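K.L.:
sequence and predicted structure, then a few things I'm wondering about:
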Amino acid sequence: MSTLIYCSNSIAAAPYYIEEVSLNVYSLEELSYFILNNIYLLSSKIMNAELCNWIGRELKMPNLAKELHGLVQNNAPLHIFVGHILSSNGYASQKEIKDALAIISTFENKSEAERRKLRADRLMAGGKLIDAIYEYETLLSEDIAKTMPRTVEGDVYHNLGCAFAKLFFFEEACRCFDEGYKRNQKKQTLYQLLYSARCGKDKNAFDEYVNKYQVPRSDVEEVLQIVTRATVKEDIVGFDSSINDMLYAGASEESMETINNVIQNWKKEYIRLCRI
């Protein structure tokens with residue numbers, strides 16, 4: 001772990017090994033850190049006698065170990081078990097614990113594939129596109145993907161395509177949306193496929209997808225109109241005008257300032273989206 005954690009409780013001489021992520025933890029604080037930062041990787045596998053025994057034996061906390069043993073034996077919900085661990089030390093705030101347990105309660109009865117998708121979706125929503133792409137691609141490449149309903153697999157491809165499109169990788173986005181639409185048959189995915197082909201300025205690909213999926217002319221016109229409206233926004237038009245001024249009338253101070261401001265804003269946004 002790269003984060004320094006102050007441990008007010010006992011430190012184990014022998015660590016507890018979390019097999020799913022190949023990680024050793026030596027304290028309740030480290031275990032809490034792992035839980036809070038890997039919520040969507042949790043499953044009922046963590047509710048086992050070995051962990052309970054380790055807490056009692058290595059961390060010298062027999063009362064907590066007894067409580068956790070009881071929860072395991074009674075098949076308690078995962079969020080209750082995790083809540084006892086997080087509340088037994090001072091690492092997490094009450095708000096952090098409450099938020100974590102609320103998230104766990106929403107997925108604890110879902111399959112591993114569904115949890116993995118939720119984790120990737122959360123990264124996507126948080127603007128961590130590179131991490132989300134890695135999660136989606138890893139999920140799709142593993143055998144676990146075969147356990148997902150075909151429509152859900154299509155949704156994963158759809159979201160992966162959205163991540164690529166946000167980074168202007170339109171060719172990759174088209175491949176993902178194409179695979180996604182084959183599986184989920186959702187109009188939203190088809191539209192995103194056509195948007196990406198259009199934004200990638202690949203007319204042949206656009207026409208190919210229109211013919212391949214026999215897209216009605218009314219839908220094609222709607223897609224073209226939406227893309228057109230997106231390209232005539234005030235900041236884009238201003239940038240285009242400044243470029244033309246520079247090319248045909250010489251670069252004025254005002255034009256250069258407009259160009260630099262737009263470029264800097266684009267760079268900042270792109271760097272933010274690419275952060276890991």
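P.N.:
Cool, got the structure. Bear in mind that the values here come from a model prediction, so they are computed numbers and not experimental data. Residues are numbered from 1 along each chain as shown.
K.L.:
what about the helices in the stretch 151-276 of the chain?
P.N.:
170-184, 187-199, 203-212, 217-230, 234-249, 253-274 (DSSP state H, counting those that start in this stretch).
K.L.:
least confident of those, on average?
P.N.:
Of all these, the minimum mean pLDDT falls on helix 234-249 (a mean of 60).
K.L.:
between the helices of the stretch 151-276 of the chain, which gets nearest to Ile133?
P.N.:
helix 170-184 (9.2 Å; C-beta to C-beta). All C-beta spots, glycine's among them, are computed from the backbone N, C-alpha and C.
K.L.:
who's in contact with Ile85?
P.N.:
By C-beta atoms under 8 Å, 6 or more residues apart in numbering, the contact set of Ile85 is Leu28, Leu31, Ser32, Ile35, Leu64, Leu68.
K.L.:
quick one: it from Tyr195, how far?
P.N.:
45 Å (C-beta to C-beta, to the nearest Å).
K.L.:
tell me the secondary structure at the nearest residue to Val25 once chain neighbours are set aside.
P.N.:
Of all residues not flanking Val25 in the chain, Leu31 sits nearest, at 4.9 Å (C-beta to C-beta, 6 or more residues apart in numbering). Remark: Leu31 carries the secondary structure label helix [criterion: DSSP: H, G, I helix; E, B strand; the rest coil].
K.L.:
which of the contacts of Ile85 sit farthest apart?
P.N.:
Pairwise distances across these (C-beta to C-beta) peak at 14.6 Å, for the pair Ile35 and Leu64.
K.L.:
report pLDDT for Ile85.
P.N.:
95.
K.L.:
and if you look at Ser8?
P.N.:
64.
K.L.:
next: Tyr213.
P.N.:
97.
K.L.:
so what does it have for phi and psi?
P.N.:
Backbone torsions for Tyr213, taken as degrees, to the nearest 10, come to phi -100, psi 10.
K.L.:
now do the contacts for it.
P.N.:
So Tyr213 contacts Tyr181, Leu190 (C-beta under 8 Å, 6+ apart).
K.L.:
distance of it from Tyr136?
P.N.:
Distance from Tyr213 to Tyr136, by C-beta to C-beta: 23 Å.
K.L.:
check Glu58 too.
P.N.:
From Glu58 to Tyr136 the distance is 37 Å (C-beta to C-beta).
K.L.:
same question for Val210.
P.N.:
26 Å.
K.L.:
so for these two, which residue has more residues nearby?
P.N.:
Between Val210 and Tyr136, counted using other C-beta atoms under 10 Å, the more crowded position is Tyr136 (27 against 19).
K.L.:
what's the closest non-adjacent residue to the more buried one?
P.N.:
Tyr136 sits nearest to Leu160 (C-beta to C-beta, 6+ apart), 4.1 Å away.
K.L.:
neighbours of that neighbour, just the number please.
P.N.:
26.
K.L.:
with Asn74 instead?
P.N.:
Neighbour number of Asn74 under other C-beta under 10 Å is 8.
K.L.:
quick one: it and Ile144, what's the gap?
P.N.:
29 Å.
K.L.:
His84 now?
P.N.:
For His84, the distance to Ile144 - C-beta to C-beta - is 29 Å.
K.L.:
ok, now Lys60?
P.N.:
Distance, Lys60 to Ile144, by C-beta to C-beta: 38 Å.
K.L.:
same thing with Leu23?
P.N.:
From Leu23 to Ile144 the distance is 20 Å (C-beta to C-beta).
K.L.:
what's the answer for Met47, then?
P.N.:
Met47 is 21 Å from Ile144, by C-beta to C-beta.
K.L.:
of those two, who's got more company?
P.N.:
Counted by other C-beta under 10 Å, Met47 and Ile144 do not tie: Met47 has more neighbours, with 19 against 14.
K.L.:
okay, that one: pLDDT?
P.N.:
So Met47 comes in at 94 (pLDDT).
K.L.:
in this structure it contacts Leu78, no?
P.N.:
Yes - using C-beta atoms under 8 Å, Met47 is in contact with Leu78, at 6.6 Å.
K.L.:
what's the overlap in contacts for the two?
P.N.:
If you check Met47 and Leu78 against C-beta under 8 Å, 6+ apart, no residue is contacted by both.
K.L.:
for the stretch 1-150 of the chain, which segments are assigned as helices?
P.N.:
In the stretch 1-150 of the chain, the segments counted as helices under DSSP H, counting those that start in this stretch are 28-37, 49-57, 62-73, 78-87, 94-107, 112-125, 129-141, 150-166.
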